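> structure for this input, please:
(chains A and B)
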2 protein chains.
Amino acid sequence: MSGGGAMAAAGEEVPNKMVILKRYVTGFPSEDDMEVVTGTARLAVPPGSAAMVVKNLYVSCDPYMRGRMTKHDRPSYVPDFVPGEVLVNFGVGKVMASGHPDFKVGDLVWGMTGWEEYTLVPKPETFFKINHPELPLSYYTGVLGMPGLTAWAGFFDVGKPKKGDYVFVSAASGAVGQLVGQLAKLTGCYVVGSAGSDEKVNLLKTKFGFDEAFNYKKEQDLDAALRRYFPEGIDIYFENVGGQTLEAVLDNMRVHGRIPVCGMISQYNLEQPEGVHNLFQVVAKRLRMEGFMVFDYFNQYYKFEEEMAGYLKEGKVSYVEDVADGLEKAPAALIGLFTGRNVGKQLVAVARE
Amino acid sequence: MSGGGAMAAAGEEVPNKMVILKRYVTGFPSEDDMEVVTGTARLAVPPGSAAMVVKNLYVSCDPYMRGRMTKHDRPSYVPDFVPGEVLVNFGVGKVMASGHPDFKVGDLVWGMTGWEEYTLVPKPETFFKINHPELPLSYYTGVLGMPGLTAWAGFFDVGKPKKGDYVFVSAASGAVGQLVGQLAKLTGCYVVGSAGSDEKVNLLKTKFGFDEAFNYKKEQDLDAALRRYFPEGIDIYFENVGGQTLEAVLDNMRVHGRIPVCGMISQYNLEQPEGVHNLFQVVAKRLRMEGFMVFDYFNQYYKFEEEMAGYLKEGKVSYVEDVADGLEKAPAALIGLFTGRNVGKQLVAVARE
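Below you'll find the model as predicted:
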């Protein structure tokens, strides 16, 4: 996953700007935990190899990356990053060289790539082809990529929504939340979202069509807020934040409610995560809390891509991005996720085509 | 649900010993929160009514009753008990009088009855007929009654076991736990149980056929104990206790593990329940935690009764009861559940036939 080194072969050698992890992180990460350096890359694959070289156009900033910045005692669900090595995450790119029969030079693709200008991809078969280049390519880091599939799979497959369900979404203006809310509206649900600024709340109501939205930072008593917005209780809570929010939600769930657990961003930077004290509600209300991972749904990606591309073209789904320009801005963009600085899906434009 | 009062009609009036709740409870309950008093009952139903009068033979002591001894701000999943009124719970009885077409004098039945000698049941249709009186009648408070159906539904319908799964059961010698373990063995699973005394641990291994069992009170580090018993991790955790046990289990679950949540007895008497800090494991391991209630499975009761009666007769399932003799001993028997004094399913013999 590095642009240079032992596997490089003949071909033009070019400078390769990259973002590396400087050290493992405990607590809140800072820009200083990463470093932008310049190495080199070869725009060719080793002879006989089935690898490809991708020119990265957009890379995605996602909350789950925080977990990878910590050294784990036991193996985690994704590998820890390695200090001194380039960060990796989903991104959109253009194939510059390929030894793989399914990928040819010029193909537009998305998949797990490096936070760098050029990435040697040893297993191109883990990448997806981009079938709707008439839509903004950056969308393939979001609404048409991993976060989009996450929202779609989590809401429909795990949440099992029915028309008329009461749906609550936290981190609702984020990459996943904004889509969950709109998918819920398309399903005929009543949807309320929470976010961390009035600007985001306004976006939820005016741009994404949420029925209601509130700024959780302005609520003294989250339980009271939820009672106000859900006098009948909540059927589906799409969980993005965890901790005290989850605790308040559990008291406001309806019988047989469902909680697709997508993430718990409020907890990622805490040395000791908050305790949730009212899990007995899982029994009392016969709740289903279910974690899921987008990886388990990759086999449905092209089905999802067609459906979501259709919604976008018909204007049924809107999408807001927060684009940082250049890899130099990538560390700050990633850190900004944890203070909620981003408005909409955070990504980094590495190069524009 | 009281033996005397406005609905009583003609018929023999008899003394009726009963256990009443004296006051709502906070924290740990004591025998003194209940009182055994004697009222009267009539062994007849009001003319034209479809009620029945049941002579109670056995009543069940179940952990969930603790919740009913507290006054709730919001309605709970079962009604709170009322100070001054008789406690109610599942029990086995004999019909003494009936205005209901489906129940006749002499029928043996089980259902929600009073902790008293005679109970006027306004809605006999909520009761089940006993189809296997050749088995001990007391079993209908347990293995053939509510706890049995709870174990069966929770393990099979919520747990979705597969042959070879690694199964952990807490409170494993209790009414539900002992059955879950045996059903898991019948399914070809590897089963480990935890309990609170060496006597109970011995019972699990020798009588109920658990593969392993341990006394959680002797484990300094529950996480280490679980790692020892489940080097490959846990596929199904049948949750009866909650709190710190749940926290240790979450770290030891396998990917796509399931946690049927039956109860959380360790938490019922705490003023502030313990916090669970590692719910992120629900995402990382794509776990499903699902609460359930036996009420939702009552429509499958007779199917269950046949299956379980078969296992008992074939010697495939063993069952251990802890029987308190007489209503006078009922308060102590109930309190004993929360200190783990009972060995096996706790019940009270009100009258023997």
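> ok and the residue in chain A nearest chain B?
A:Gly275 (1.6 Å; CB to the nearest CB). Glycine gets a C-beta too; all of them are placed from N, C-alpha and C.
> and the pLDDT at the nearest residue to that residue once chain neighbours are set aside?
Among residues not flanking A:Gly275 along the chain, B:Gly275 sits closest, at 1.6 Å (CB to CB, 6 or more residues apart in numbering or on different chains). pLDDT for B:Gly275: 94.
> residues near B:Gly275, how many?
Neighbourhood size, B:Gly275 [other CB atoms under 10 Å in any protein chain shown]: 19.
> again with A:Arg341
A:Arg341 has 14 nearby residues by other CB under 10 Å.
> next: A:Trp115.
28.
> now the helices: where do they sit in the stretch 251-353 of chain A?
For the stretch 251-353 of chain A, helices defined by DSSP state H, counting those that start in this stretch occupy the ranges A:281-284, A:301-313, A:330-339.
> now render the ones you listed as TSV, adding mean pLDDT and mean neighbour count.
Below are the helices of the stretch 251-353 of chain A laid out as TSV (pLDDT from 0 to 100; neighbours: other CB atoms under 10 Å in any protein chain shown):
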stretch	mean pLDDT	mean neighbour count
helix A:281-284	96	22
helix A:301-313	98	17
helix A:330-339	96	20
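> with respect to A:Ser170, which of the ones you listed lies nearest?
helix A:330-339 (14.2 Å; CB to CB).
> ok, and does that closest one reach over to chain B?
No - Helix A:330-339 lies out of reach of chain B by CB under 8 Å from any CB of the partner chain, never closer than 14.9 Å.
> what sits up against that helix?
Around helix A:330-339, the neighbours that count as contacts under CB atoms under 8 Å, 6 or more residues apart in numbering or on different chains are A:19, A:28-31, A:33-36, A:59, A:61-63, A:65-66, A:87, A:115, A:265, A:268-269, A:322, A:324, A:342, A:346-348.
> got a PyMOL select line for the buried ones in these?
The following PyMOL line selects those of these that are buried, judged by 16 or more other CB atoms under 10 Å in any protein chain shown:
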select buried, chain A and resi 19+29+33+34+36+59+61+62+63+65+66+87+115+265+268+269+322+324+342+346+347+348
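> A:Glu29 in helix, strand or coil?
Small correction: residue A:29 is Pro, not Glu. coil (DSSP: H, G, I helix; E, B strand; the rest coil).
> distance check, it against A:Asp62.
13 Å (CB to CB, to the nearest Å).
> over to A:Met96?
Counting by CB to CB - A:Met96 and A:Asp62 are separated by 25 Å.
> how about the residues of the stretch 201-350 of chain A near chain B?
So the stretch 201-350 of chain A meets chain B at A:242, A:246, A:255, A:261-264, A:267, A:272-293, A:296 (CB under 8 Å from any CB).
> contact residues of the stretch 1-150 of chain A facing chain B?
So far as CB under 8 Å from any CB goes, the stretch 1-150 of chain A lies against chain B at A:67, A:76-77.
> only the buried subset of those residues, as a ChimeraX command please.
To isolate the buried ones among the residues of the stretch 1-150 of chain A next to chain B in ChimeraX, judged by 16+ other CB under 10 Å, type:
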select /A:67,77
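> how many residues are close by A:Gly48?
A:Gly48: 7 neighbours (other CB under 10 Å).
> nope, A:Ser170 is what I meant
A:Ser170: 26 neighbours (other CB under 10 Å).
> for the closest residue in space to it that isn't next to it in sequence, list the residues it contacts.
Excluding its sequence neighbours, the residue lying closest to A:Ser170 (CB to CB, 6+ apart) is A:Val241, at 4.4 Å. Each residue near A:Val241 by CB under 8 Å, 6+ apart is listed here: A:170-171, A:263-267.
> go again with 7 Å.
Residues in contact with A:Val241, defined by CB atoms under 7 Å, 6 or more residues apart in numbering or on different chains, are A:170-171, A:264-266.
> outside of the longest strand belonging to chain A, which residues touch it?
Longest strand in chain A by number of residues (criterion: DSSP state E): strand A:88-98. Strand A:88-98 is contacted from outside by A:1, A:11, A:43-45, A:52-60, A:62, A:65, A:103-115, A:118, A:124, A:137-138, A:140-141, A:145-146, A:353, using CB under 7 Å, 6+ apart.
> now the element after it, going C-ward?
strand A:108-114 (DSSP states H and E).
> for that next one, packing partners?
strand A:52-60, strand A:88-98, strand A:128-129 (3 or more CB pairs under 7 Å, 6 or more residues apart in numbering or on different chains; DSSP states H and E).
> got the buried residues for the longest one?
This points to strand A:88-98. Buried residues in strand A:88-98 (16+ other CB under 10 Å): A:88-98.
> filter the contacts of strand A:88-98 down to the buried ones.
Buried among those by 16+ other CB under 10 Å: A:43-45, A:52-60, A:62, A:65, A:103, A:107-115, A:118, A:124, A:137-138, A:140-141, A:145-146.
> SS state for the nearest residue to A:Lys22 once chain neighbours are set aside?
Residue nearest to A:Lys22 in three dimensions, not counting chain neighbours: A:Glu35, with 5.1 Å by CB to CB, 6+ apart. Put simply, A:Glu35 is strand when judged by three-state DSSP.
> need the pLDDT of A:Glu35.
97.
> what residues are bridge-paired with it?
A:Ile20 (DSSP bridges).
> from A:Ile20, how far off is it?
From A:Glu35 to A:Ile20 the distance is 5 Å (CB to CB).
> swap in A:Pro75?
22 Å.
> where does the stretch 1-150 of chain A have low pLDDT?
In the predicted model of the stretch 1-150 of chain A, residues A:1-10 satisfy pLDDT under 70.
> excluding its backbone neighbours, what's nearest A:Gly310?
Nearest one to A:Gly310, counting by CB to CB, 6+ apart, is A:Lys316 at 7.9 Å.
> just checking, that neighbour touches A:Leu183?
No - using CB atoms under 7 Å, A:Lys316 makes no contact with A:Leu183, being 9.7 Å away.
> those two: which is more packed in?
A count of neighbours by other CB under 10 Å puts A:Leu183 above the other of A:Lys316 and A:Leu183, at 27 against 14.
> which outside residues touch whichever strand or helix holds the more buried one?
Assigned by DSSP H and E, A:Leu183 belongs to helix A:177-186. Identification of contacts with helix A:177-186 by CB under 7 Å, 6+ apart yields A:143, A:148, A:151-152, A:155, A:161, A:167, A:169, A:171-172, A:191, A:193, A:204, A:208-210, A:238, A:240, A:316-317, A:320, A:344.
> okay, now the closest residue to A:Tyr297 other than its chain neighbours: neighbour count?
Nearest non-adjacent residue to A:Tyr297, counting by CB to CB, 6+ apart: A:Ala153, 4.0 Å away. As a burial measure, A:Ala153 scores 22 neighbours (other CB under 10 Å).
> got the phi and psi for A:Ala153?
Dihedral angles phi and psi of A:Ala153 (degrees, to the nearest 10) take the values phi -70, psi -40.
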